[in-house]
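[1] I would like the atomic coordinates for the input below:
(chains A, B, C and D)
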4 protein chains.
Amino acid sequence: MPFYKIINDPVYGFITIDDELIYKIIAHPYYQRLRRIQQMAMANLVYPGAVHTRLHHSLGAYHLMCIALQELTRKGIDISAQEQQGAKIAILLHDVGHGPYSHALEQVLAEGVHHEKISLLIIEELNKIFDGALQIALEIFNGTYHKKYLHQLVSGQLDVDRIDYLSRDSFFTGVVEGYVGYDRILKMITVHDGELMVEEKGIYSIENFLIARRLMYRQVYLHKTVVSAEQMLQRIIKRAKFINAECQQPLNMFINEPLQNITLEQFCSIDDADVMMAIKNWCNHTDKVLSILCKGILDRKLLKVKYLSALVGDAALLEKRASIAIEFGISDVDAAWLVFAGEATSSTYNFDEQPIKILFKDGSVRNISEVDDALINESLRGNIKKYYICYPSV
Amino acid sequence: MPFYKIINDPVYGFITIDDELIYKIIAHPYYQRLRRIQQMAMANLVYPGAVHTRLHHSLGAYHLMCIALQELTRKGIDISAQEQQGAKIAILLHDVGHGPYSHALEQVLAEGVHHEKISLLIIEELNKIFDGALQIALEIFNGTYHKKYLHQLVSGQLDVDRIDYLSRDSFFTGVVEGYVGYDRILKMITVHDGELMVEEKGIYSIENFLIARRLMYRQVYLHKTVVSAEQMLQRIIKRAKFINAECQQPLNMFINEPLQNITLEQFCSIDDADVMMAIKNWCNHTDKVLSILCKGILDRKLLKVKYLSALVGDAALLEKRASIAIEFGISDVDAAWLVFAGEATSSTYNFDEQPIKILFKDGSVRNISEVDDALINESLRGNIKKYYICYPSV
Amino acid sequence: MPFYKIINDPVYGFITIDDELIYKIIAHPYYQRLRRIQQMAMANLVYPGAVHTRLHHSLGAYHLMCIALQELTRKGIDISAQEQQGAKIAILLHDVGHGPYSHALEQVLAEGVHHEKISLLIIEELNKIFDGALQIALEIFNGTYHKKYLHQLVSGQLDVDRIDYLSRDSFFTGVVEGYVGYDRILKMITVHDGELMVEEKGIYSIENFLIARRLMYRQVYLHKTVVSAEQMLQRIIKRAKFINAECQQPLNMFINEPLQNITLEQFCSIDDADVMMAIKNWCNHTDKVLSILCKGILDRKLLKVKYLSALVGDAALLEKRASIAIEFGISDVDAAWLVFAGEATSSTYNFDEQPIKILFKDGSVRNISEVDDALINESLRGNIKKYYICYPSV
Amino acid sequence: MPFYKIINDPVYGFITIDDELIYKIIAHPYYQRLRRIQQMAMANLVYPGAVHTRLHHSLGAYHLMCIALQELTRKGIDISAQEQQGAKIAILLHDVGHGPYSHALEQVLAEGVHHEKISLLIIEELNKIFDGALQIALEIFNGTYHKKYLHQLVSGQLDVDRIDYLSRDSFFTGVVEGYVGYDRILKMITVHDGELMVEEKGIYSIENFLIARRLMYRQVYLHKTVVSAEQMLQRIIKRAKFINAECQQPLNMFINEPLQNITLEQFCSIDDADVMMAIKNWCNHTDKVLSILCKGILDRKLLKVKYLSALVGDAALLEKRASIAIEFGISDVDAAWLVFAGEATSSTYNFDEQPIKILFKDGSVRNISEVDDALINESLRGNIKKYYICYPSV
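    Presented below is the predicted three-dimensional model:
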């Protein structure tokens, strides 16, 4: 009997693994580690269901890739078995380079290093371990494979990564309005001139996808309590680095040693649990700023956030810091760790990036933003900026 | 034990009837008749699940009204028991004046008469039958009751009628992207200055509601096959009137007698089955136009529809008619019944009607179209017009 | 581009038609007629959402067949393209012989004729129309095809017919507890010794399927109000035949002429609308029994049903009839049409029919009722009988 | 405006908090700590979605309690505002005494101490903190409050705890067949003679609930891979105690000190993260047994489990141990930590515990197991025992 495993997924029903190499990659510790990294970092402090993991998201994106490839094949696009395997592996591993609390701590723990760079390193490493069997996956992932649409399925404005994380985050938060209709979208994609496109009758589904994404950004990802918690999390690590706070190895290296000392294996050995335990220990740290931030995360006593229509002025900020400094018995400089302004931004559709292209029945191709009566028009250009101020509520 | 009935609803779970008067109204033949009128007329020819009834929609809207009143009460709005009963009855009966195939044949069977006018007549009739117990319902329905927001819940740009029909139509068609998040919307409404408003944090839900509505119009209500079938249905009745085709009573009166001869009771005695049977009988009518249209509906051999970016020119139309006339052995004049142009329109949001108002935390009120970063901006003003041409595919 | 149509289904998402012959069969008037036959007859009087059609059910069963064939193929079972097409057509047409209100009027309108016999006649007819292309479908349907498991998928204790109607009826009634987990069941089937079997790890899913079926029978199909309405419906037709009540053709032939006079085409020309219109007309019939029954169905003033632990005694029945006779001014003999006893039965699992077989990992095969710790054990043998009495509530 | 908070829950939509005391209890660190304790321990190794937390489950059970109280009140049962608040708090805190990985490590970390005992201690502690405001909650929780049915709602064979965890675990695992129809069950409960009962027409819902529970036990809770992982987890802690393995404080106290030294506050300071970090550290422990078990959990290289129809014999066990001892270079005695037999048991319905009572329309009361035609009959008496053997797959 052919190789065949099924995994229950509340979002899609069942995920099927019918390729032994893919199963072995999933079973590898580098992939299993994603079980211990939450997809949405601190969002569960607002949406208690949002505790799903990077592993689950990656499996989901893999499942959508399987559907996408099946649909394209059904439409007569010729994709070889090796290419299909490559595309599936590329999406399975697209997030394997995420560290603890993924986006929230990205470039904070490993300063200046994007997770995709680490994903690439890990894919290369696995390619060695599996004797070059991941070569096509590697090329699809880094965009050098000649069939551009395979890379677009992995990474683009309409890739299966986005479709899965919106579907999954909507599902686990319970924000059902964020539902993106993944199955219809995947029925509407096609390939034309070597590029991924959307059939004419899929326009509304794409509009709906972009609007659902907009809603998820505003209601969930940029929810002010989520923003506060993730700012606190970042400041915990930054403060720990600043004051050279000790914690358990191997996390301690990330805090107290230069990045270049750290190996890929060491990177792969830390996850949410390491950071959470450091936070738990630092609750009693002598550094007040650090302990306040840590206790805040642990007990969900978060900094208050206010969204404003303009960046808060320096004077107001200094005044607030002064009062907080007195309140907590810390210096004004230290108070700046607890009282700060910032901006959160998101865009519904990136007009400047690779556009989503619509293939009309008459064979013509237009960018979605140029379609008549399109919802996705110039009035949506320009990122949404939300200015905020954070401070302890006393 | 208090009066208490529950009805299973796949959309909301359970609908509760805990008021005997309301139960009696539901049990009345005028209301039960709505079981035999489909909510979406011919849409099931494209979406086979869309066979739900006006009765089901009305019960659903009633359910949402119950939730809305509970939420407003919880927020401290004072609504008396009588007013609550009145609002519930008003919404329960808001569509009771619909005739066979509701909107599709509205103003065709009973020319120039809007269903709301008939609903009003029936509510007045039931008010007599129930000794004036529907007085407040009547006033809420016709907009004369002093608490304006109660009427707005029944009929407005954010009424429970729309919220239910979008939810229900999305559910039964399977167009899940049309999901409007009814429960969050109803958590976000409030009353301010005697008017129905939406709390600030509900803005995205309302945007999402309007976009879902836009999608449902484009993908479902104005689906070209649906438009074709409903045009055919209307033309069947118009043609039958034109040639004085006979059918069974009481429908025959609507076809062959002046409207003023018809009583309310007679209006209430016809439903989808009467029209469907007439169609079945007319399949063999000697009038070719009538029989072609009827057989088309019966066997789902629909006129072909093409959407165009501009109104089709007269010359093209005449030419097509001439060829169809020859094909079917009918006159050019008759061919115009089968070959015709038209336009289908919809608007996402009506900027000129009573606007949806947002109540901000600082107590200020703004129309949703005036909110910063709003999706619902001027670029959406202007109805979407889609021009089409219909003709038999031969 | 290959032939490819998709249909929205709220139960399964999308149903795909990728075979032109199948599309043509669906488009045939004999199949389209199933749009006008409700799946659950009068159940919508209790469950207002249950207005879905035989067409929708047949499409759903076809969809499940597609999944089943794909899974079996994936497990290495060799099924040719022709056989796959045959099995899909067989299930698509398995209910095509249903008449108005399907089971509720089966063998009442066409006395003594089971719908499967008519389905067979129609499949034979379509086989002629399509030049023998339905030959394998025909053999799979009537059980003569040599691969027995293909027939078992169409008709057996675990066929896709049952799996779809339970799923669909549960969905449209809103009785979510009736959910049968169709996707897991279809992942668990296999073929062994030429027969359809279930893998060992699928035992609980099958148990759950049978218990869900039990629940649906008790809560829905045998709901006393449903039983009452369907008894009334049957008695309307029987009474009309008894008193030779007139109605429109072609239904009139079924009422007033011998069955052998009726052609297959005539059978295929009637549907729910014909019966409903007859009922509407007979509301004013001079025969009181007929008019009472018809008005009862129309206005949902149903006969009262009581479930009893034993068959009601003759004396009690006669007494009730006498009082009803007086009440309605009819004879005692006529009162027997309105006051009657009966029994409703259902079985969770038929121990004597072809059993559901479990294939264990060690290669052994056991009937599900013989598995250790099985829920489906002898204590469930024996049909459930529920005795009832029906009478007008006055 | 009255106090009012809503929380998104993917299972029920929205959970409402409209009582400030309840909000403060939720905000307390003792409750917030439940965020860091997974509901289903190691089940996510099989069902990747099953990462929901004790906090989420408690909130869900609280939500169901709100519905239950509303339904009972609607049925005329008199429950005072204080009693309602008490019942809500009691269920909110019913699991607050769970430690890391809840059931999986219960009585292993704190030997011989049931989590309900610790819950009671914490409720008492919170009662002090909130000046006696939790007194009724305390009495309802420990069963001393005079209205017995309030305790039965918190803890019984049909309590909201079970209804929530089955609903929630079914939802997050994606095992949809485990759906229990919580809303219908809660519509069917009533109070009679001071006890919680189920109305007659709710029998099938209860049967369905019990069968769903049976399915969840067999398919999920006793899934052999889950059993293996949880056995490994327990053995990690036991082995660590046995060899006095060191880990971070405060977990180290639980491993290396007598239980009586540990304060309630210390108990409340550990959670899943502490245990996970200990496991991560012990992966490199010099004790081979400990490191093998820890690496197994971390990388999901689990012991192989076989379910057997009888307890495995000593000889077979000794032989297996001997071969594993050689394989891993450990003693036979140590091999017994990795090669072991056991039994997993579950019962569908406990016939001997407080039965679920059905209240018939005629006022009579019967245990569900005594109802005619009941599915829950004596053939289900007797726990299901599944014997298993675990060993490393080499």
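[2] mind listing what's buried in stretch A:136-143?
    Residues A:Ile136, A:Ala137, A:Leu138, A:Glu139, A:Ile140, A:Phe141, A:Asn142 are the ones in stretch A:136-143 that count as buried (16 or more other Cβ atoms under 10 Å in any protein chain shown). C-betas here are computed from N, CA, C, even on glycine.
[3] and the furthest pair within these?
    Of all pairs drawn from the buried residues of stretch A:136-143, the one with the longest distance (Cβ to Cβ) is A:Ile136 and A:Asn142, at 11.2 Å.
[4] what about stretch A:358-375, near chain C?
    No: using Cβ under 8 Å from any Cβ of the partner chain, stretch A:358-375 stays clear of chain C, coming no nearer than 11.4 Å.
[5] how long is that stretch from one end to the other?
    14 Å (Cα to Cα, to the nearest Å).
[6] contact partners of that stretch?
    The list of residues contacting stretch A:358-375 from outside it, by Cβ atoms under 8 Å, 6 or more residues apart in numbering or on different chains, reads A:190, A:192-193, A:197-200, A:202-203, A:206-207, A:210-211, A:349, A:351, A:355-357, A:376-378, B:211, B:214, B:309, B:375, B:380, B:384.
[7] with stretch A:66-83 instead?
    So stretch A:66-83 is in contact with A:16, A:84, A:87-88, A:136, A:140, A:147, A:150, A:153, A:160, A:183, A:186-187, A:189-191, C:1-2, C:4, C:18, going by Cβ under 8 Å, 6+ apart.
[8] got a PyMOL select line for the buried ones in those?
    Buried subset of those, written as a PyMOL selection, criterion 16+ other Cβ under 10 Å:
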select buried, chain A and resi 84+87+88+136+140+147+150+153+160+183+186+187+189+190+191
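[9] from the contacts of stretch A:66-83, which land in helices?
    A:Gln84, A:Ala87, A:Lys88, A:Ile136, A:Ile140, A:Leu150, A:Leu153, A:Val160, A:Asp183, A:Leu186, A:Lys187 (DSSP state H).
[10] now those in JSON lines, with distance to chain C and pLDDT?
    JSON lines is the format used below for the ones in helices among the contacts of stretch A:66-83 (distance: Cβ to the nearest Cβ, whole Å; pLDDT from 0 to 100):
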{"residue": "A:Gln84", "distance to chain C": "15", "pLDDT": "98"}
{"residue": "A:Ala87", "distance to chain C": "20", "pLDDT": "98"}
{"residue": "A:Lys88", "distance to chain C": "16", "pLDDT": "98"}
{"residue": "A:Ile136", "distance to chain C": "23", "pLDDT": "98"}
{"residue": "A:Ile140", "distance to chain C": "25", "pLDDT": "98"}
{"residue": "A:Leu150", "distance to chain C": "20", "pLDDT": "98"}
{"residue": "A:Leu153", "distance to chain C": "19", "pLDDT": "98"}
{"residue": "A:Val160", "distance to chain C": "17", "pLDDT": "98"}
{"residue": "A:Asp183", "distance to chain C": "5", "pLDDT": "94"}
{"residue": "A:Leu186", "distance to chain C": "10", "pLDDT": "97"}
{"residue": "A:Lys187", "distance to chain C": "6", "pLDDT": "95"}
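[11] show me the two of the residues you listed that sit farthest apart.
    A:Ile136 and A:Asp183 (26.7 Å).
[12] if we can go back for a sec, now, which of the ones in helices among the contacts of stretch A:66-83 sits nearest A:Ala245?
    A:Val160 (39.8 Å).
[13] list the residues that contact the nearest residue to the closest one once chain neighbours are set aside.
    Leaving out its chain neighbours, the residue that sits closest to A:Val160 by Cβ to Cβ, 6 or more residues apart in numbering or on different chains is A:Leu64, at 3.9 Å. By Cβ under 8 Å, 6+ apart, the residues touching A:Leu64 are A:Tyr12, A:Ile91, A:Val160, A:Ile163, A:Asp164, A:Tyr182, A:Leu186.
[14] cutoff 7 Å now
    A:Val160, A:Ile163, A:Asp164, A:Tyr182, A:Leu186 (Cβ atoms under 7 Å, 6 or more residues apart in numbering or on different chains).
[15] ok, so of those, who is nearest D:Lys295?
    For the contacts of A:Leu64, the nearest to D:Lys295 is A:Asp164 (30.0 Å; Cβ to Cβ).
[16] what's the neighbour count on that closest one?
    Using other Cβ atoms under 10 Å in any protein chain shown, A:Asp164 has 26 neighbouring residues.
[17] now do the one 10 residues further on
    For A:Gly174, the count of nearby residues is 21 (other Cβ under 10 Å).
[18] pLDDT score for the residue in the stretch 101-250 of chain A that chain D sits nearest to?
    Closest residue of the stretch 101-250 of chain A to chain D, Cβ to the nearest Cβ: A:Gly174 (3.7 Å). Looking at A:Gly174, its pLDDT is 97.
[19] got the contact list for it?
    Going by Cβ under 7 Å, 6+ apart, A:Gly174 touches A:Tyr47, A:Gly49, D:Asn8, D:Asp9, D:Pro10, D:Gly13.
[20] hmm, try it at 10 Å
    A:47-50, B:184, D:7-15 (Cβ atoms under 10 Å, 6 or more residues apart in numbering or on different chains).
[21] in stretch A:317-333, what counts as buried?
    Quick answer for stretch A:317-333 (16+ other Cβ under 10 Å): A:Leu317, A:Lys320, A:Arg321, A:Ile324, A:Ala325, A:Phe328, A:Ile330.
[22] out of those, which are inside strands?
    Per DSSP state E, strands hold no members of the buried residues of stretch A:317-333.
[23] which of these fall in helices?
    A:Leu317, A:Lys320, A:Arg321, A:Ile324, A:Ala325, A:Phe328.
[24] pretty sure A:Lys128 contacts A:Leu134?
    Yes: with contact defined as Cβ atoms under 10 Å, A:Lys128 and A:Leu134 form a contacting pair (8.8 Å).
[25] the more surrounded of these two?
    The neighbour count for A:Lys128 versus A:Leu134, taken as other Cβ under 10 Å, is higher for A:Leu134 (25 against 9).
[26] coming back round to it: closest to chain B among the buried residues of stretch A:317-333?
    Closest to chain B, out of all of the buried residues of stretch A:317-333 and judged by Cβ to the nearest Cβ, is A:Lys320, at 19.8 Å.
[27] next up, the contacts around the residue nearest to the closest one when sequence neighbours are not counted.
    Once flanking residues are discounted, A:Lys320 sits nearest to A:Val339: 4.9 Å by Cβ to Cβ, 6+ apart. By Cβ under 10 Å, 6+ apart, the contact list for A:Val339 reads A:303, A:312, A:316-325, A:332, A:389-392.
[28] show me chain A divided up by domain.
    With domains defined by automatic domain parsing, chain A comprises A:5-221+A:350-381, A:224-345.
[29] chain B contacts on the stretch 51-200 of chain A?
    A:Gly174, A:Val175, A:Val176, A:Glu177, A:Gly178, A:Tyr179, A:Val180, A:Gly181, A:Tyr182, A:Asp183, A:Arg184, A:Ile185 (Cβ under 10 Å from any Cβ of the partner chain).
[30] pLDDT value on the fifth one, please?
    We have a pLDDT of 90 for A:Gly178.
[31] surely it is in contact with A:Gln219?
    Yes: here A:Gly178 reaches A:Gln219: they are 7.5 Å apart, a contact under Cβ under 10 Å.
[32] overlap in contacts of the two?
    A:Ser170, B:Tyr204, B:Asn208.
[33] ranking those by neighbours, who comes first?
    Result: B:Asn208 is most packed of those (other Cβ under 10 Å), 28 neighbours.
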